[in-house]
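Visitor: Just a sequence and a predicted model for now, questions to come.
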Amino acid sequence: MRRNVVRLLMAALVAMAACITGPVTAARAAVPDSPAVTYTNPIAEKRADPQIYKHTDGYYYFTATVPEYDRIVLRRATTIQGLSTAAETTIWTKHSSGVMGAHIWAPEIHYIDGKWYVYFAAGSTSDQWAIRMYVLEGTGANPLTATWTEKGQIKTTWESFSLDSTTFVVSGVRYLAWAQRNPSEDNNTSLFIAKLANPWTIQGTPAEISQPTLSWETVGYKVNEGPAVIQHGGKVFMTYSASATDANYCLGMLTASATADLTDPASWSKGSQPVFKSNDSTSQYGPGHNSFTVSEDGKSDILVYHDRSYKDITGDPLNDPNRRTRVQKIYWKADGTPDFGIPVADGVTPQRFSSYNYPDRFIRHYDYRAKIEASVSPLADSQFRVVTGLAGSGTVSLESANYPGYYLRHKNFEVWLEKNDGTAAFASDATFYKRAGLSDSAGVSYESYNYAGRYVRHYNYLLYVQTPSTATDKGDATFYGQ
């Protein structure tokens with residue numbers, strides 16, 4: 001009986017303490033499952049239609065269209081960034097006459113059942129626009145030194161313009177997706193899918209799953225091409241490129257359930273708007289013909305794509321050699337769909353910062369005021385490039401992803417997003433020391449450059465620079481890069 005009385009008294013004391021100190025703080029956030037990864041763009045100049053494939057041997061393999069349209073090249077490195085300086089090997093060169101003699105486009109490399117396969121499109125010396133899909137087979141551990149043989153053309157329903165084949169596995173079934181001209185349609189190319197009997201042979205009748213009908217798919221040319229597949233949360237997402245290969249080039253997306261019959265067109269739904277397109281603020285134009293890979297730690301999905309750094313092109317865009325390979329992290333919305341954001345500016349890629357004690361809330365700017373918020377839209381409002389501090393080395397500044405030249409700075413101890421005016425005062429206010437997280441050393445805290453001891457922290461969801469004293473204060477001043 002006495003023991004029960006003691007328990008009741010202890011419970012009463014805890015309840016009284018809660019009334020005095022306020023509600024118990026929510027459980028702290030765990031280190032994010034997908035921590036920040038950053039790269040420096042571009043990865044490769046004059047390389048279009050890029051694909052980066054991460055193999056089980058610890059290497060990334062990179063291939064792309066070269067502007068001469070005459071050969072297939074490969075690079076490999078142990079990191080994505082390392083591909084930018086990796087030696088390039090030509091593994092195959094176009095035929096001197098006949099088929100596979102012109103317009104060598106959009107190679108992709110895959111490892112299937114112990115052998116390497118490269119899918120690519122090519123024209124003929126007698127008709128460079130007689131574009132068809134072909135496959136190479138490579139034997140050897142390293143595809144840069146493998147022995148390559150031609151497996152021939154991938155045969156489809158028609159002998160018509162066809163390109164951009166890609167292969168993937170869903171629920172144990174290997175598929176091929178590609179773009180082809182359907183002779184019965186008034187457009188350039190539609191998207192098709194089929195199961196594969198072997199890496200170079202289609203099984204059954206191909207299914208048409210998308211054709212260009214929307215306004216943003218038909219600028220210059222009526223195009224659906226360059227399919228690429230990523231899977232997440234029981235869904236299959238197929239991005240594709242649309243319109244002419246100039247600044248109008250963009251990405252659309254189809255979605256299907258991973259348990260559906262992917263060869264049934266009814267299994268796929270198409271988004272009404274592009275998911276990735278040109279951006280004047282970041283000077284990125286015509287993003288498209290993408291692929292997907294994963295970060296070095298395997299925890300982040302990475303978008304690989306090409307674009308140009310200028311909008312206006314003289315002549316046929318296909319004769320302009322300056323499409324560059326670029327990469328950036330993909331984020332996943334609460335509903336399980338991908339958010340590609342915007343094509344970010346050249347240089348270091350941005351990251352997001354989640355709150356230590358509100359893990360679903362991220363630092364963002366809204367009407368130029370900095371705050372933390374969940375389900376940020378547009379995504380780029382919550383992306384910042386961590387760059388060398390405006391006030392000098394050993395410090396950092398946080399530059400907006402969608403407003404290049406704008407930085408988080410404190411003003412009257414409130415944090416705002418403002419354009420750099422070039423003054424020493426602005427530089428000091430927009431410069432911070434990057435510290436280990438005050439509440440978790442795996443996180444990060446940002447100490448003011450010109451007010452020692454004051455840190456960026458949130459209070460009532462708005463950001464300030466203040467001196468943290470309590471455990472709650474320190475939690476409010478701790479963030480995780482994502």
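Guide: Now that the structure is in, tell me what you want to look at. Residues are numbered from 1 along each chain as shown.
Visitor: How much space separates Arg75 from Leu144?
Guide: Distance of Arg75 to Leu144, given as Cβ to Cβ, to the nearest Å: 8 Å. For every residue, glycine as well, the C-beta is placed using N, CA and C.
Visitor: Please say which of the two ends up with more neighbours.
Guide: Shown here are Arg75 and Leu144; by other Cβ atoms under 10 Å, Arg75 has more neighbours (23 against 19).
Visitor: so who does the more buried one touch?
Guide: Ala44, Tyr61, Phe62, Thr63, Leu83, Ala86, Ala87, Glu88, Thr89 (Cβ atoms under 8 Å, 6 or more residues apart in numbering).
Visitor: run the last query once more with 10 Å
Guide: Contacts of Arg75 were listed using Cβ atoms under 10 Å, 6 or more residues apart in numbering, and they are 43-44, 47, 52, 59-64, 82-89, 144.
Visitor: chain center to the helix or strand Arg364 falls within, what's the gap?
Guide: Remark: Arg364 resides in strand 361-366, with elements defined by DSSP states H and E. Its chain's C-alpha centre and that of strand 361-366 lie 20 Å apart, by Cα atoms, centre = their mean, to the nearest Å.
Visitor: ok, now stretch 229-244?
Guide: How far stretch 229-244 lies from its chain's middle: 12 Å, per Cα atoms, centre = their mean.
Visitor: Kindly report the same for stretch 154-164.
Guide: How far stretch 154-164 lies from its chain's middle: 29 Å, per Cα atoms, centre = their mean.
Visitor: buried sites along that stretch?
Guide: Within stretch 154-164, the residues that count as buried by 16 or more other Cβ atoms under 10 Å are Ile154, Thr156, Phe161, Ser162, Leu163, Asp164.
Visitor: which residues of the stretch 351-482 of the chain fall in helices?
Guide: Here the stretch 351-482 of the chain has its helices, by DSSP state H, counting those that start in this stretch, at 424-429, 471-476.
Visitor: List every C-alpha atom in stretch 411-423, with coordinates, as CSV.
Guide: What follows is stretch 411-423 as a C-alpha-only set of coordinates in CSV (Å, rounded to 0.1, in the frame of the first residue of the first chain):
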residue,chain,number,x,y,z
LYS,A,411,18.9,42.2,-39.8
ASN,A,412,17.8,43.4,-36.4
PHE,A,413,18.6,39.8,-35.4
GLU,A,414,15.9,38.5,-37.7
VAL,A,415,16.9,36.3,-40.6
TRP,A,416,15.9,37.4,-44.1
LEU,A,417,16.8,36.5,-47.7
GLU,A,418,18.2,39.5,-49.4
LYS,A,419,20.3,40.3,-52.4
ASN,A,420,24.0,40.9,-51.8
ASP,A,421,24.5,44.7,-52.1
GLY,A,422,28.3,44.4,-52.1
THR,A,423,28.7,46.2,-48.8
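Visitor: give me the element Phe192 is part of.
Guide: Short version, using DSSP H and E: Phe192 is in strand 190-198.
Visitor: ok, that strand: who's next to it in the sheet?
Guide: strand 173-180 (antiparallel), strand 201-210 (antiparallel) (DSSP bridges).
Visitor: May I see the ones you listed organised as JSON lines, with mean neighbour count, distance to Asp246 and mean pLDDT added?
Guide: Output for these, formatted as JSON lines (neighbours: other Cβ atoms under 10 Å; distance: least, Cβ to Cβ, whole Å; pLDDT from 0 to 100):
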{"stretch": "strand 173-180", "mean neighbour count": "22", "distance to Asp246": "18", "mean pLDDT": "98"}
{"stretch": "strand 201-210", "mean neighbour count": "17", "distance to Asp246": "21", "mean pLDDT": "97"}
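Visitor: Kindly reformat the ones you listed as CSV containing distance to Val229.
Guide: Below are those laid out as CSV (distance: least, Cβ to Cβ, whole Å):
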stretch, distance to Val229
strand 173-180, 7
strand 201-210, 12
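Visitor: Now do the SS call for the residue nearest to the spatial centre of the chain.
Guide: The geometric centre of the chain, computed from its C-alpha atoms, lies nearest to Leu303 (Cα atoms, centre = their mean), at 2.7 Å. Assigned by DSSP: H, G, I helix; E, B strand; the rest coil, the conformation of Leu303 is strand.
Visitor: Low-confidence stretches in the stretch 101-250 of the chain?
Guide: Scanning the stretch 101-250 of the chain for pLDDT under 70 picks out nothing.
Visitor: Around Lys311, count how many other residues there are.
Guide: Around Lys311 there are 14 other residues, counting by other Cβ under 10 Å.
Visitor: residue contacts, it?
Guide: Contacts of Lys311 by Cβ under 10 Å, 6+ apart are Asp246, Ala247, Asn248, Ser278, Asp280, Ser283, Gln284, Tyr285, Gly286.
Visitor: Give the buried subset of the residues you listed as a ChimeraX selection command.
Guide: To isolate the buried ones among the contacts of Lys311 in ChimeraX, judged by 16+ other Cβ under 10 Å, type:
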select :246,247,248,278,283,284,285,286
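Visitor: Would you agree Ala177 is in contact with Phe192?
Guide: Yes: look at Ala177 against Phe192 with Cβ atoms under 10 Å: they come within range, at 6.9 Å.
Visitor: intersection of neighbour lists for these two?
Guide: Shared contacts of Ala177 and Phe192, defined by Cβ under 10 Å, 6+ apart, comprise Ser165, Pro206, Ile209, Pro227.
Visitor: who's in contact with the residue nearest to Tyr407 when sequence neighbours are not counted?
Guide: Counting by Cβ to Cβ, 6 or more residues apart in numbering, Tyr407 lies nearest to Ala430, which is 4.1 Å off, once chain neighbours are set aside. Going by Cβ under 10 Å, 6+ apart, Ala430 touches 389-391, 395-399, 406-411, 415-418, 420, 449-450.
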